[in-house]
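Student: When you get a sec, could you give me coordinates for this:
(chains A and B)
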Amino acid sequence: MLKVEEIRELINLVDQSSISEFTYEAEGTTITIKKESDKQAIVSGLVSNVPAPVKQESVRVEAPVQEINEEPVNVAATDNTAKANYDYEIVSPMVGTFYAKASPESEKFVSQGSSVDNDTVVCIVEAMKLFNEIEAEVKGEIVEILVEDGELVEYGQPLFRVKSK
Amino acid sequence: MESTRNKLIQLLADSSEKYISGQLLSDELQISRSAIWKHMKELEKDGYQIEGKSNKGYRIISYPDKLSENTIRWGLETNWIGKSIIHKESTTSTQHIAHDEARNGAAHGTIIIADEQTNGKGRMNRSWFSTKGKGMWLSIILRPKISPLQAPQLTLLTATVLADVLHSYCNVQPLIKWPNDILLHDKKIVGILTEMQAEQDIINYIVIGIGLNVNQSKDDLPEEISHRATSLLIETEKEHSIKALIQEILTTFEKSYDQYIKNGFPEIKQKWESYGFKIGEEITIKTLKDHFRAIFLGIEEDGALRIKRMDGSIEKLYSAEIDWFEK
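Tutor: Predicted structure coming up:
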């Protein structure tokens, strides 16, 4: 896991560079840093009635790093207030392959914006040919899907962000 | 109805060679003699051969080989598996029924069997070949009190059960391709699909689906799979009783499962490795972002695939597409 100083240094480097998004993955820890572009800043400035992010897990690059003890470390600077507007994460109960649909031909179980109930199946995680249907276990709306179909996921890795109702 | 008929079979079976009088049956079951006669007719439809003699009574001459709740239950000496049996002549998939039943509270050990599946489920819904009366299509509902993290071990356990039954009962030499396909002469004969409904730390239920090719001839197998699928008929050159195979599988499964719950995975691991396909050999592993050759060393304490990369590093894998046959 990275030290606070190292994360700070990463943030500075990204800040000074021309890249707008940076992801670092090691030993089960994922760090994503996103920069707000000027254009987006204007947009969000115009839409003044957009609610503020519920959770201050997302920080601007200049802001002090928060909650770095949590795994995975989340340093995602938001470029879209709706995306950050979540209060629940559906995590993987096991190591395995994430499947967004029941078969390659099927529709995805859920997409961004889908409404879910406690027992809505949101994905399948497969390990050693055991197919685990993951239920939302929360009532709300999917605001972000964090992994892609066929990707390997770790135990406890966040898969979906949900704004609960 | 079902239980009266079972009691009737039980009574007839208990008296075995001897005749049992219609009056006695009527007293025991507390139904009229004409009702008994109707039950007898139903049993004959199920394939039982019953002899009725005036002044003597009834006796069973032979039991049917046809699948039904009754014929499977009869002679099945288990403690908890198959106490509740659902049999369908035709269904889309025994897995579908099992999920519905499990959601409605079906007991641990409930089994679902079908003579034919019209839409068998394989990995990622790839259909599994299901001809009427020629294959065994079985789903088992389990409610294990183990962590969901351990649940994948049940797929390996099921594979060892099938390998044991094929080996001892059908006298063939099966191999298990990780994690749970059974091969005879490099061709697939059994497919196993395990599906789970669980919360973070508790299993609601698990459904284990088993498809076994029994009496399909070469012509019965679709051409596109005939080079990588086989059946017991093809391998042993004789027909096998599906009913007897189901009973054998259930009995062996129960024993193995009880031992697993009591002693954990080590015994299963040892047995699994004794059947392991290509242990010590090179295989090709594909993940979404990677593609590499590695040596298959065996399985880990939790059932995961243990491999050695060409640079010597050792890894464990829980999920991967593996090309087992690439040269």
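
Student: okay, now the domains of the chain?
Tutor: As the question left the chain open, I've gone with chain A. Domains of chain A are assigned by automatic domain parsing as A:4-67, A:75-164.

Student: hm, I was asking about chain B
Tutor: B:2-62, B:69-275, B:282-323.

Student: For those, state which one has the densest average packing.
Tutor: Of these, the one with the most neighbours on average (mean count of other Cβ atoms under 10 Å in any protein chain shown) is domain B:69-275, at a mean of 19. Using the backbone N, CA and C atoms, a C-beta is placed for each residue, glycine as well.

Student: for chain B, what are the nearby residues on chain A?
Tutor: Selection of chain A residues close to chain B by Cβ under 8 Å from any Cβ of the partner chain yields A:91, A:93-97, A:99, A:102-106, A:126-133, A:135, A:137, A:148, A:150-152, A:155.

Student: picking up where we left off before, out of the domains of chain A, which gets the lowest mean score?
Tutor: Looking at the domains of chain A, the lowest mean pLDDT belongs to domain A:4-67 (a mean of 55).

Student: Is it possible to mark the buried ones in the residues of chain A next to chain B?
Tutor: The neighbour-count test (16 or more other Cβ atoms under 10 Å in any protein chain shown) marks A:91, A:93-97, A:99, A:102, A:126-133, A:135, A:137, A:151-152 as buried among the residues of chain A next to chain B.

Student: shaky segments in chain B?
Tutor: B:1-2, B:120-130, B:327 (pLDDT under 70).

Student: Where do the strands of it begin and end?
Tutor: Using DSSP state E, the strands assigned to chain B run over residues B:49-53, B:57-62, B:85-88, B:111-114, B:135-142, B:175-177, B:181-184, B:187-198, B:203-213, B:282-286, B:291-299, B:305-309, B:314-317, B:321-323.

Student: Chain A now?
Tutor: Under the criterion DSSP E, chain A contains strands at A:21-26, A:29-34, A:88-91, A:96-99, A:115-116, A:121-127, A:130-135, A:140-145, A:152-153, A:158-164.

Student: Please identify which of these is closest to residue B:111.
Tutor: Ranking these by proximity to residue B:111 (Cβ to Cβ) places strand A:130-135 first, at 18.7 Å.

Student: The closest one versus strand A:158-164: what angle between them?
Tutor: In terms of direction (axes from the mean of the first three to the mean of the last three Cα atoms, to 10 degrees), strand A:130-135 departs from strand A:158-164 by 20 degrees.

Student: Now tell me what touches strand A:130-135 from outside.
Tutor: Strand A:130-135 is contacted from outside by A:90, A:92-94, A:96, A:99, A:118-126, A:159, B:148, B:151-152, B:154-155, B:193-199, B:206, using Cβ atoms under 8 Å, 6 or more residues apart in numbering or on different chains.

Student: Which residue, other than its chain neighbours, is closest to residue B:221?
Tutor: residue B:229 (5.5 Å; Cβ to Cβ, 6 or more residues apart in numbering or on different chains).

Student: what's across from the one you found in the sheet?
Tutor: In this entry, residue B:229 is beta-bridged to residue B:188, by DSSP bridges.

Student: what residues are up against residue B:13?
Tutor: Contacts of residue B:13 were listed using Cβ under 8 Å, 6+ apart, and they are B:60, B:74.

Student: separation between residue B:140 and chain A?
Tutor: 14 Å (Cβ to the nearest Cβ, to the nearest Å).

Student: can you check residue B:37 too?
Tutor: 49 Å.

Student: In contact with that residue, which residues?
Tutor: residue B:22.

Student: let's see it at 10 Å
Tutor: B:22, B:25, B:52, B:58 (Cβ atoms under 10 Å, 6 or more residues apart in numbering or on different chains).

Student: what's the answer for residue B:59, then?
Tutor: Counting by Cβ under 10 Å, 6+ apart, residue B:59 has contacts B:12-13, B:15-20, B:49-53.

Student: Now tabulate the domains of chain B in JSON lines and tack on distance to residue A:15.
Tutor: Formatted as JSON lines, the domains of chain B follow (distance: least, Cβ to Cβ, whole Å):
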{"stretch": "domain B:2-62", "distance to residue A:15": "73"}
{"stretch": "domain B:69-275", "distance to residue A:15": "37"}
{"stretch": "domain B:282-323", "distance to residue A:15": "28"}
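
Student: Figure out which of those is closest to residue A:7.
Tutor: Taking these one by one with Cβ to Cβ, domain B:282-323 is closest: 24.8 Å.
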